[in-house]
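Trainee: I need the structure of the sequence given here:
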Amino acid sequence: MSKIFIHIGARKGSISVKNKNIKKIAGQPLIIWTINQAKKIDGVSKIIINTDSSKILNLAKKKKVDLLLKRPSNISNSKSSKFLAWKFAINYLRKKKLIDLEDIFVDLDCTCPLRKIKDINLMIKKFNNYKDQKKKFDGIFTIIKAKKNPYFNLVEYNSRGFLELSKKTKVAINRRQDCPKVFEHVASIYIFKPSFLLKNDSLMSGRLFGHEVDNYTNLDIDSNFDFEIVEYFLKKKKYD
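Mentor: A predicted model of the protein is given here:
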């Protein structure tokens, strides 16, 4: 039976909100919300904190997180991709012979504390179903229907300096309802095969499925304004 590893990555630096991952929100540090969620997921083998912050490691230690990884500085700056942190974690787990290629690697982004436990469990169930069906895929991540559509009302400047539609079709589309469906990437829940993380260097290089979430789950803290909105809903217990 496949083991489930929950990965939580959190840098100490943040450009948008100072010390975002340890800043208190609705009474406790932001990262604690995600650690508490991880502890509620069915059948978890190990919970992993991956960070360059001693303060975050101390918080995780108090919460009795299974594995504490000190991330090197060269993959911890504002330009470092999330994928590099995943690769660092998966390489560590392989080196220590803790994870097999048939296991399940789940990443929870701590800037989305309004995610629902039922979505995480549903995504794990979907992942296992796809494996049982022998589907050729690498992972699943959360998505939401896009509020704007590049075939209809998203524009960009062309080489002549004038605005035009971001996505063009041979036949003009006059109604938004007639556009191809597009989705926004929600940086909340990701589930991968370990082999995908070992062999690749970017998320969209994989064969990926999406799991649609609701408007509350979609909320991601990327500014002080986002922080206030998410805190409002956490206090209203608009989660789980």
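Trainee: residues contacting the spatially closest residue to Lys147 that is not a sequence neighbour?
Mentor: In this structure, Lys147 finds its nearest non-sequential neighbour in Glu184, 7.5 Å apart by C-beta to C-beta, 6 or more residues apart in numbering. All C-beta spots, glycine's among them, are computed from the backbone N, C-alpha and C. Glu184 makes contact with Ile143, Ile144, Lys145, Ala146, Lys147, Asn218 under the criterion C-beta atoms under 8 Å, 6 or more residues apart in numbering.
Trainee: which strands or helices does whichever helix or strand Met123 is part of pack on?
Mentor: Take DSSP states H and E as the rule and Met123 turns out to sit in helix 117-132. Applying 3 or more C-beta pairs under 8 Å, 6 or more residues apart in numbering; DSSP states H and E, we find helix 117-132 packed against strand 104-108, strand 139-145, strand 183-192, strand 208-212.
Trainee: which of the ones you listed is buried the deepest?
Mentor: strand 104-108 (a mean of 23; mean count of other C-beta atoms under 10 Å).
Trainee: keeping just the C-alphas, turn that one into PDB.
Mentor: C-alpha atoms of strand 104-108 as PDB (Å, rounded to 0.1, in the frame of the first residue of the first chain):
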ATOM      1  CA  ILE A 104       2.200   9.700  -2.700                       C
ATOM      2  CA  PHE A 105       3.800  13.100  -2.200                       C
ATOM      3  CA  VAL A 106       1.300  15.800  -1.100                       C
ATOM      4  CA  ASP A 107       2.300  19.500  -0.900                       C
ATOM      5  CA  LEU A 108       0.200  21.900   1.100                       C
END
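Trainee: strands of the protein, residue ranges please.
Mentor: For the chain, the strands defined by DSSP state E occupy 4-10, 24-25, 28-29, 44-51, 67-70, 104-108, 139-145, 155-157, 163-165, 183-192, 208-212.
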